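Asker: Dropping a prediction and its sequence here:
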Amino acid sequence: MVPPIPVGYWMHETSGRLRQAVRAYLAGGAMTPGEVALIRVYLRQWISGPWQGHNLNTLRLTVGAIRTRRDIERWLGLAMHDGIDPL
């Protein structure tokens, strides 16, 4: 069963900062350290939800180590393997 979309889903964020960071990531261009940090905080919030999966403990333990676009890509790949898609 897929849990409901958490209140903090990036598309519902109202400041616009997280939305800008996610769009920068999705566009494949350069990202500022601040954008990466916003995505890291968002992913930490997301993975704290009621998910199930083989990689869940690894995802929860490694989300804090995200520092680069490549880190985001690796983390999302692991999440997608378990059917967890925060973007």
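Answerer: Looks like it arrived, so ask away.

Asker: Return, as residue ranges, the portions of the chain with sub-threshold pLDDT.
Answerer: 1-8 (pLDDT under 70).

Asker: Dead centre of it: give me the residue that sits there.
Answerer: Leu43 (3.2 Å; CA atoms, centre = their mean).

Asker: where's that one, which helix or strand?
Answerer: helix 33-47 (DSSP states H and E).

Asker: Please enumerate residues in contact with that helix?
Answerer: Around helix 33-47, the neighbours that count as contacts under CB atoms under 8 Å, 6 or more residues apart in numbering are 6, 8, 10, 17-18, 20-22, 24-25, 56, 59-60, 63-64, 66-69, 71-72, 75, 79, 84, 86. Bear in mind the C-beta positions are built from the backbone N, C-alpha and C, glycine included.

Asker: That one: what's the following helix or strand?
Answerer: helix 56-62.

Asker: do you know how far Gln20 is from Arg40?
Answerer: Distance, Gln20 to Arg40, by CB to CB, to the nearest Å: 15 Å.

Asker: neighbour-wise, which of those two wins?
Answerer: A count of neighbours by other CB atoms under 10 Å puts Arg40 above the other of Gln20 and Arg40, at 19 against 15.

Asker: Could you measure from the more buried one over to Met31?
Answerer: 11 Å.

Asker: what's around Thr32, how many residues?
Answerer: Counted with other CB under 10 Å, Thr32 comes out at 11.
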